[in-house]
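> sequence and predicted structure, then a few things I'm wondering about:
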Amino acid sequence: MSPIPGSGLAKGLAVTLRTMTRKTVTEQYPEALPELPPRSRGVIGLFEENCTVCMLCARECPDWCIYIDSHKETMPPVAPGGRERSRNVLDRFAIDFALCMYCGICIEVCPFDALFWSPEFEYAETDIRELTHERDKLRDWMWTVPEPPALDPSSEEPKEVAAARKAAERLAQQESGTHPDTQDGTRPGTQPGTRPGTQDAARPDTQGGAHPDRQDTVHPGGDGGPGQVGPPPEGDGGSRQDGRRPGDGRNSPQDGPEGDSA
Amino acid sequence: MNDVLDVALRLIAVFVAFLVLPLVVGQAEHKVMAHMQGRLGPMHAGGFHGWAQLVADGVKFAQKEDIVPADADRRIFQLAPAVALLPYLLVLVVIPVGPGESAVGQSIDAGLFYVLAVMGIGVLGSLMAGWASANKFSLLGGMRTAAQLLAYELPMLLAAASVAMAAGTVSLSGVLGAFHWWWVPWQLVGGVVFFVAGLAELQRPPFDMPIADSEIIFGAYTEYTGLRFALFLLAEYAGIVVLSGLTAVLFLGGWHGPFGADGLGWVWTLLKTAVLAFVVIWLRVSYPRLREDQLQKLAWTVLIPLALAQIALTGVVKVVIS
Ligand code: SF4
Ligand code: SF4
């Protein structure tokens, strides 16, 4: 109960009158574009080079609105006498935005950072069927994806950066010759059959960006190892040094042109 | 011959005012309402801040199909918008805008009677529409209109009677002639009662129970389309103009300005009318719709006693000063 009967009514009038004298909050959209936060769910962009056609996104999509067609291609052996290798090539990648509910699951599950949210939202069509957008369109939207936000200053170092830094330190140690043999001795059995030091040592020079995987997957099959999406071939110096793997000699001519920068 | 021309000119002037002022009020409502709600309102029709929005609306209404429901009472249905609109035009004719004979469409000796009687007809339009539409929502709306009409006509008449008593005449010009500034505080309660009751007669929010669009769709106007619907809307805005004008004339001294500039009297009348119209819009933005029982309670337990008290007060003061 208000102290004076009717004071509530007067207060109501005062509120509206005060609001009238204030600045309005209307955004005049077509003239002034809205300032969307970088994580807006506008549309999904596809970074095609990163896509390995693993189909995870299409299978996890609750609406089944991602269409992926691909075919298998056989690559010639990287060295004479070697085995032929096969890889998947993307033929079609389309998302039906009439069905999409913008849950973002596809982007979450993509293991290779090929899908991104773009804040672009003006893609209305007059025909619902035209809302199925093909890879070219998705790629165009990729360029509107904003930079990922900087990490919090006190946050943990990103895994890739930490690994690269450690490797660089180790390499520096190695080169200065303080503990030449402990280097190999410390991890003799950690990665049996792989090239110790290769992976780590190569990175600080060539990469260290926000998406190290992106570059890896651009050259699937480039390094003759069993893993398609494995470490890049840039580590030639390292592998030659160690010379542990029998296949390395065979690899080096192929790897050379790409990996020389290391 | 000269008389005929004179009358014709006056009628044309009144008619133009009748067409223009409601549009001005309507546009003001768009904008005032918008800003009171922290938004901009129409911005695109016409050049500056969407000034032509109502013109565009009119064009839109004119393009729409004119539908009469199959089961409707055709004649009554088609006549209803005119019945709702015309009384306000007739009232506007007799409202004195400025001092003297020249600033009024037609002065009538029993002006107050005439005005109140004719304004009562306006509500009939809603009743006719509600009944003739052959639609339960319209019928409900019509019945609510009838209940509202019964409840609010009485305090309105009583409040007007108080002014007539004070002035000793029922002529609108006569009321203005007898006006002194101290009438404003003296007749304040009557003025408020008159204004509120008038609002209810117009079925303006917060008294828009009969057309409550969230409950009975649009009450009596549910079945109306195109121009007929537009006429109902126009009637509402014309009603605002007439009510504000009448309140200004009866309770705020019409063309009497604080500086006694009689030549500019009509400016005062228009200014007071505009302020009152603003208040009408302001009330609409500020208050939620009254429930049916609250609406009736307000009329019978608040407004009518207040109006009666005002009449008593007027009588006492009259006796004391004479
Ligand atoms: S956002 Fe959700 S619904 Fe849309 S394509 Fe991705 S997984 Fe499917
Ligand atoms: S989950 Fe990523 S990599 Fe796999 S198919 Fe989808 S977009 Fe391509």
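All right, it came through fine. Ligands and ions are numbered 1, 2, ... in the order given.

> now B:F278, nearest residue through space, not along the chain?
B:V32 (6.6 Å; CB to CB, 6 or more residues apart in numbering or on different chains). For every residue, glycine as well, the C-beta is placed using N, CA and C.

> could you report the neighbour count for the one you found?
B:V32 has 21 neighbouring residues, counting by other CB atoms under 10 Å in any protein chain shown.

> same question, B:L227
Around B:L227 there are 16 residues (other CB under 10 Å).

> tell me how far it lies from A:E120.
43 Å (CB to CB, to the nearest Å).

> for burial, what's the neighbour tally of B:F137?
Residues lying near B:F137 (other CB under 10 Å) number 20.

> now do B:E236
There are 23 residues near B:E236, going by other CB under 10 Å.

> hmm, it is touching B:Q203, no?
Yes. B:E236 lies in contact with B:Q203 (CB atoms under 8 Å); the separation is 7.3 Å.

> dig out what the nearest residue to A:Y123 once chain neighbours are set aside forms beta bridges with.
Leaving aside its sequence neighbours, A:Y123 sits nearest to A:V43 (CB to CB, 6+ apart; 6.1 Å). A:V43 has these beta-bridge partners by DSSP bridges: A:S118.

> just give me the neighbour total for A:V43.
Neighbours of A:V43 (other CB under 10 Å): 24.

> that one contacts A:F116, doesn't it?
No. The criterion here is CB under 8 Å, and A:V43 misses it with A:F116 at 9.8 Å.

> which residue ranges form the strands in the stretch 101-250 of chain A?
Taking DSSP state E, counting those that start in this stretch as the test, the strands found in the stretch 101-250 of chain A are A:115-118, A:132-133.

> check whether the longest one contacts ligand 1.
No. Contact check for strand A:115-118 against ligand 1, using CB under 6 Å from any ligand atom: none in range, with a minimum separation of 7.5 Å.

> and that strand, what other elements does it pack with?
Packing partners of strand A:115-118 (3 or more CB pairs under 8 Å, 6 or more residues apart in numbering or on different chains; DSSP states H and E): strand A:43-46, helix A:105-109, helix A:135-142.

> pLDDT wise, what is residue 230 at?
I'll assume chain A. The predicted local distance difference test score for A:G230 is 38.

> right idea, wrong chain: chain B
Note on B:A230: pLDDT of 88.

> pull up the gap between the residue nearest to it when sequence neighbours are not counted and B:Y224, please.
Leaving out its chain neighbours, the residue that sits closest to B:A230 by CB to CB, 6+ apart is B:F61, at 3.9 Å. Distance, B:F61 to B:Y224, using CB to CB: 10 Å.

> likewise for A:L56?
A:L56 is 57 Å from B:Y224, by CB to CB.

> what does the stretch 1-150 of chain B have sitting close to chain A?
Residues of the stretch 1-150 of chain B lying close to chain A (CB under 8 Å from any CB of the partner chain) are B:V32, B:A34, B:H35, B:M36, B:Q37, B:G38, B:R39, B:L40, B:M43.

> kindly recompute the last result at 10 Å.
B:31-41, B:43-44 (CB under 10 Å from any CB of the partner chain).

> other SSEs contacting the longest helix that chain B contains?
Scanning chain B for the longest helix, with DSSP state H as the assignment, gives helix B:2-36. Applying 3 or more CB pairs under 10 Å, 6 or more residues apart in numbering or on different chains; DSSP states H and E, one finds that helix B:2-36 contacts helix A:7-21, helix B:53-63, helix B:74-94, helix B:226-251, helix B:265-286.

> relative to B:T314, which of those is closest?
helix B:226-251 (12.0 Å; CB to CB).

> run the chain-centre distance for the closest one.
4 Å (CA atoms, centre = their mean, to the nearest Å).

> pull out the buried positions in that helix.
By 16 or more other CB atoms under 10 Å in any protein chain shown, the buried positions in helix B:226-251 come out as B:227-251.

> OK, contacts around the residue nearest to B:W255 when sequence neighbours are not counted?
Nearest non-adjacent residue to B:W255, counting by CB to CB, 6+ apart: B:G265, 3.0 Å away. Contacts for B:G265 (CB atoms under 10 Å, 6 or more residues apart in numbering or on different chains) come out as B:P96, B:V97, B:G98, B:P99, B:G100, B:A103, B:L176, B:G254, B:W255, B:H256, B:G257.

> could you list the low-pLDDT ranges of the stretch 51-200 of chain A?
Within the stretch 51-200 of chain A, the stretches with pLDDT under 70 are A:178-200.

> might you name the residue of chain B sitting closest to ligand 1?
With distances taken as CB to the nearest ligand atom, chain B approaches ligand 1 most closely at B:R39, which sits 31.9 Å away.

> tell me the pLDDT at A:G238?
38.

> and the gap between the residue of the stretch 201-322 of chain B found nearest chain A and A:I107?
Nearest to chain A, among the residues of the stretch 201-322 of chain B, is B:S286, at 4.5 Å (CB to the nearest CB). Per CB to CB, B:S286 is found 46 Å from A:I107.

> kindly report the same for A:F47.
11 Å.

> show me what from the stretch 151-300 of chain B comes close to chain A.
Within the stretch 151-300 of chain B, the residues that sit near chain A (CB under 10 Å from any CB) are B:V279, B:I281, B:W282, B:L283, B:R284, B:V285, B:S286, B:Y287, B:P288.

> helices and strands of chain B: which one has the lowest mean pLDDT?
helix B:172-177 (a mean of 79; mean pLDDT, DSSP states H and E).

> regarding A:S70, what is its secondary structure?
Three-state call for A:S70 (DSSP: H, G, I helix; E, B strand; the rest coil): strand.

> so what's it up against?
Here A:S70 is in contact with A:C51, A:T52, A:V53, A:C54, A:M55, A:R87, A:N88, A:V89, A:L90, A:D91, A:R92, A:F93 (CB under 10 Å, 6+ apart).
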